[in-house]
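> Everything below, folded, please.
(4 chains)
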Protein chains: 2
Amino acid sequence: MLNERSLSVSQECAECPIRHRAVCARCESDELERLEEIKYYRKFEAGQTVIWSGDRMDFVGSVVSGIATLTQTMEDGRTQMVGLLLPSDFVGRPGRSNAAYDVVATTDLVMCCFRKSPFEELMRQTPHIAQRLLEMTLDELDAAREWMLVLGRKTAREKIASLLSIIARRDASINMTTAHGNIVFDLPLTREAMADYLGLTLETVSRQISALRKDGVIELEGKRHVTVPDMSRLLEEAGDDADGGVFA
Amino acid sequence: MLNERSLSVSQECAECPIRHRAVCARCESDELERLEEIKYYRKFEAGQTVIWSGDRMDFVGSVVSGIATLTQTMEDGRTQMVGLLLPSDFVGRPGRSNAAYDVVATTDLVMCCFRKSPFEELMRQTPHIAQRLLEMTLDELDAAREWMLVLGRKTAREKIASLLSIIARRDASINMTTAHGNIVFDLPLTREAMADYLGLTLETVSRQISALRKDGVIELEGKRHVTVPDMSRLLEEAGDDADGGVFA
DNA sequence: CGGTAATTTGAAGAATGTCAAATCAGGTGG
DNA sequence: CCACCTGATTTGACATTCTTCAAATTACCG
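Just a heads-up that it's a prediction; the model follows:
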């Protein structure tokens, strides 16, 4: 199932776009050299499954570019997204041999992979990797808990506004695509993927996006390109405090 | 607000009931001695708030006995539980100075606390603590993701069945209170707390519990004492695979 | 034996899901 | 370059689930 092509070019960690944010962020140059020995790149096309829940997983790795999702599926087919993986995010769990979730590339995706057992060995020896992984895992746990509030207590409209805020915020921390105060970004998810993220149906997602557009909270060009004229308004719609953060 | 009483008796780590499961599980005896120097016990009564979200938090610690909850609250009062803390669970985040969630004791509670900055210093020096904390955080993240599926995709009945399964499982790993194949346990949560856990109203919780009782999935003595005659039936009602696990 | 909080139950309403059909967008082959 | 095809998205009508508000009941505590 994994018919990705190997990259012919090998890349230097020093020039890596996620060098200072990924699991290797804290590594010294000698530690980086050892990581470089066990790393390899893998490329996936949009729509491809990186790994199926339950499958043996002999690597861990970082998203270098593109977006992937982590999802759980019930026997009857209901699915819930439980993670949205952006560049620098970590995939896999050291010490676990089988994947716990489906990982799917939603855009073209490049991953920097490490063979699992050498990586685990390296973790034992270099505290910087484990330290950084702990930090990242704690951040993910906080994000998961924020998400739980969204899933459990917010209305459909608030859920959509929350998701848009999150994407805008994450996007801004990378691209800062803001023309004269406006926040502008592309939705990296289909309506169905948004529904799986938010615990809604795709029809409800569509209706609420239309409603937010009609009420002037967002503007749309095509189905995916979003402009937010007033970020604090969006945050208000999300049910969050309308102050603080990147967009004061 | 924190009118807990200090414990007059200091306890030995060696005899601690959570010695082999808490954040200190991997520590050697010399490491334990250093932890012992910075630890102190705190006791809370049922209903007391351990810490408010946003408050300065100058300690981290472990639940020794009793149960606490982690909750988020929106401005208009809607609340969502995001963590259920049982004995050996860790409270607080190294490197963070203010609490991100409300922590409330739902039963009488004993915590083993460490002053934060000495603990952080110790973490830097002894990899065993950080290693164990990473492991525990990864487990919590998995639990949070399971919970996200419950919140996002399960029906009210499935949510209740899921919660009962989780409590039964956690209880069993400690007490194994099973008379002739039956699983028996006490609900440590009020209907309202269950509602906050599951993203429901307390009325819906009450109705679904009654329905499960009527259908013979569970039996109740009083409001809190639960008997599960057939665990696989309960798991089926939860929408999970009805096999595997502790109760095969 | 009251009093209070927790829980249950009922009736009605609102939000979201379901099913079906129409529309739109992008890519393809002619 | 255009008509067509396919999948994504939107829209509509209706069904269902869950919440809301209100009141009755139960359990526990002093």
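> doesn't A:Leu85 make contact with A:Arg170?
No - the criterion here is CB atoms under 8 Å, and A:Arg170 misses it with A:Leu85 at 11.1 Å. For every residue, glycine as well, the C-beta is placed using N, CA and C.
> Please say which of these two ends up with more neighbours.
A:Leu85 (23 against 16; other CB atoms under 10 Å in any protein chain shown).
> for that one, which residues make a bridge with it?
Counting by DSSP bridges, A:Leu85 is bridged to A:Ala68.
> do A:Ala105 as well
Beta-bridge partners, per DSSP bridges, of A:Ala105: A:Ala68.
> Burial check on it, number of neighbours?
Using other CB under 10 Å, the number of residues around A:Ala105 comes to 23.
> I'd like the distance between it and A:Met57.
A:Ala105 sits 16 Å away from A:Met57, going by CB to CB, to the nearest Å.
> Show me which residues of the longest helix along chain A are buried.
Assignment by DSSP state H gives helix A:127-153 as the longest helix of chain A. Within helix A:127-153, the residues that qualify as buried are A:127-138, A:140-142, A:144-153, counting by 16 or more other CB atoms under 10 Å in any protein chain shown.
> Report all helices and strands that it contacts.
helix A:29-38, helix A:116-125, helix A:156-174, strand B:68-73, strand B:79-85, helix B:127-153 (3 or more CB pairs under 8 Å, 6 or more residues apart in numbering or on different chains; DSSP states H and E).
> In its sheet, which strands sit next to whichever helix or strand comes after the third one, and in what direction?
Of the helices and strands lying after helix A:156-174 in sequence (DSSP states H and E), the nearest is strand A:183-186. Paired neighbours of strand A:183-186 in the sheet (DSSP bridges): strand A:225-228 (antiparallel).
> So which residues make contact with the partner strand?
A:164, A:168, A:182-187, A:217-221, A:234 (CB atoms under 8 Å, 6 or more residues apart in numbering or on different chains).
> any idea of the mean pLDDT in it?
Throughout strand A:225-228, pLDDT has a mean value of 92.
> The helix or strand just after it: which residues count as buried?
The helix or strand immediately downstream of strand A:225-228 is helix A:231-237, counting by DSSP H and E. Applying a neighbour-count criterion of 16+ other CB under 10 Å, one finds A:231-237 buried in helix A:231-237.
> so does helix A:231-237 get close to chain B?
No - contact of helix A:231-237 with chain B (CB under 8 Å from any CB of the partner chain) is absent, the minimum separation being 10.2 Å.
> on contacts alone, who are the packing partners of that helix?
Applying 3+ CB pairs under 8 Å, 6+ apart, we find helix A:231-237 packed against helix A:156-174.
> Can you give the distance of the helix it packs on from its chain's centre?
Distance, stretch centre to chain centre, for helix A:156-174: 12 Å (CA atoms, centre = their mean, to the nearest Å).
> can you list the domains in chain A?
Listed domain ranges for chain A are A:13-149, A:155-237 (source: automatic domain parsing).
> So what's the residue count around the closest residue in space to A:Ser97 that isn't next to it in sequence?
The shortest distance from A:Ser97 to any residue other than its chain neighbours is 6.3 Å, reached at A:Arg56 (CB to CB, 6 or more residues apart in numbering or on different chains). Using other CB under 10 Å, A:Arg56 has 10 other residues around it.
> same thing with the one 10 residues further on?
A:Gly66 has 20 neighbouring residues, counting by other CB under 10 Å.
> residues contacting the closest residue to it other than its chain neighbours?
Excluding the flanking residues, the one nearest A:Gly66 by CB to CB, 6+ apart is A:Leu109, at 3.5 Å. With contact taken as CB under 8 Å, 6+ apart, A:Leu109 is in contact with A:43-46, A:48, A:50, A:63, A:65-68.
> Next, find the distance separating A:Leu109 from DNA strand D.
Using CB to the nearest atom of the strand, to the nearest Å, A:Leu109 is found at 17 Å from DNA strand D.
> Please name the bridge partners of that residue.
Going by DSSP bridges, A:Leu109 forms beta bridges with A:Phe44.
> Let me know the pLDDT of it.
94.
> could you measure it against A:Arg191, distance?
21 Å.
> Likewise for A:Gly92?
Taking CB to CB, one finds A:Gly92 at 29 Å from A:Arg191.
> Neighbour count: the two, which is higher?
Neighbours per residue (other CB under 10 Å) separate A:Gly92 from A:Arg191, with A:Gly92 holding more: 20 against 17.
> rewinding a little: mind putting the helices and strands packed on helix A:127-153 in TSV, mean pLDDT and distance to DNA strand C included?
Below are the helices and strands packed on helix A:127-153 laid out as TSV (pLDDT from 0 to 100; distance: least, CB to the nearest atom of the strand, whole Å):
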stretch	mean pLDDT	distance to DNA strand C
helix A:29-38	93	36
helix A:116-125	95	37
helix A:156-174	90	4
strand B:68-73	97	14
strand B:79-85	97	14
helix B:127-153	97	9
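> With distance to B:Glu33 as new columns, can those be given to me in a markdown table?
Formatted as a markdown table, the helices and strands packed on helix A:127-153 follow (distance: least, CB to CB, whole Å):
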| stretch | distance to B:Glu33 |
| --- | --- |
| helix A:29-38 | 31 |
| helix A:116-125 | 24 |
| helix A:156-174 | 43 |
| strand B:68-73 | 27 |
| strand B:79-85 | 26 |
| helix B:127-153 | 13 |
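> Select, out of those, the one closest to B:Lys39.
Nearest of the helices and strands packed on helix A:127-153 to B:Lys39, taken as CB to CB: helix B:127-153 at 12.5 Å.
> what's the angle from that closest one to strand B:79-85?
Helix B:127-153 runs at 140 degrees relative to strand B:79-85, counting by axes from the mean of the first three to the mean of the last three CA atoms, to 10 degrees.
> anything in helix B:127-153 near DNA strand D?
No - judged by CB under 7 Å from any atom of the strand, helix B:127-153 makes no contact with DNA strand D; its nearest approach is 10.2 Å.
> Would you confirm that the residue nearest to A:Ser97 contacts A:Arg96?
No - if you go by CB under 8 Å, A:Arg56 and A:Arg96 don't touch, sitting 10.5 Å apart.
> Alpha carbons of stretch A:235-243, as PDB, please.
Only the C-alpha atoms of stretch A:235-243 are listed here, as PDB (Å, rounded to 0.1, in the frame of the first residue of the first chain):
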ATOM      1  CA  LEU A 235     -12.600  34.100  18.500                       C
ATOM      2  CA  GLU A 236     -15.800  35.500  20.000                       C
ATOM      3  CA  GLU A 237     -17.900  33.200  17.700                       C
ATOM      4  CA  ALA A 238     -15.600  30.300  18.900                       C
ATOM      5  CA  GLY A 239     -16.700  31.000  22.500                       C
ATOM      6  CA  ASP A 240     -13.100  31.800  23.500                       C
ATOM      7  CA  ASP A 241     -11.800  34.900  25.000                       C
ATOM      8  CA  ALA A 242     -11.600  37.400  22.200                       C
ATOM      9  CA  ASP A 243      -8.300  38.900  23.400                       C
END
